[in-house]
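# Below are the sequence and a predicted model; questions follow.
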Amino acid sequence: MYQIITYQDVSHRSQVVALWQSVFAYKSAHSSPELTIAKKLAVQDELFFVATADADVVGTVLAGYDGHRGWIYSLAVDPRRQHQGIGRLLLRHAERALARIGCMKVNLQVMTANESVVAFYESLGYAIEPRISMGRLLTDNVSINL
């Protein structure tokens, strides 16, 4: 029913941008879908996957690996298709891809505004860990010529 494949810029970009805008409702320039896609295509683009139904993108997962830990940076499923197992398929697909390149542990972060997904991740074996997440925006890298 659903196929998980590696992101292909020409055929998937407009659908992924629309999906992310509807699911994530980004408000900051550094999180714009266009910028995120451009940056990901420059680094480990083989860890960017889409779920498709026919030719329609119905979900995405963006993963990364730093040689020590793997990360799930974002997972999105079309709201009209949620609760159909697409998120689980995407997450497991990303985990297998990370395992193939030597990853031993996968981390992810959940925005406090999206805490309702914690139960989803817990059902798939993830646990809340005692960590403080901190970040700093490097504004010189926020713009890109798209």
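Yes, it's here.
# Centre of the chain to the lowest-mean-pLDDT helix or strand in the chain, how far?
Of the helices and strands making up the chain, the lowest-confidence element is helix 33-42, at a mean of 93, by mean pLDDT, DSSP states H and E. Relative to the chain's own centre, helix 33-42 is displaced by 12 Å; criterion: Cα atoms, centre = their mean, to the nearest Å.
# just stretch 57-66 next, same as before
On Cα atoms, centre = their mean, the centre of stretch 57-66 falls 4 Å from that of its chain.
# that older thread, packing partners for the very next helix or strand once past the least confident helix or strand of the chain?
The C-terminal neighbour of helix 33-42 among helices and strands, as given by DSSP states H and E, is strand 48-53. The helices and strands touching strand 48-53, judged by 3 or more Cβ pairs under 8 Å, 6 or more residues apart in numbering; DSSP states H and E, are strand 3-6, strand 56-65, helix 86-100. (C-beta placed from N, C-alpha, C; glycine too.)
# any chance of the ones you listed in TSV, with mean neighbour count too?
Converted to TSV, the helices and strands packed on strand 48-53 look like this (neighbours: other Cβ atoms under 10 Å):
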stretch	mean neighbour count
strand 3-6	14
strand 56-65	22
helix 86-100	18
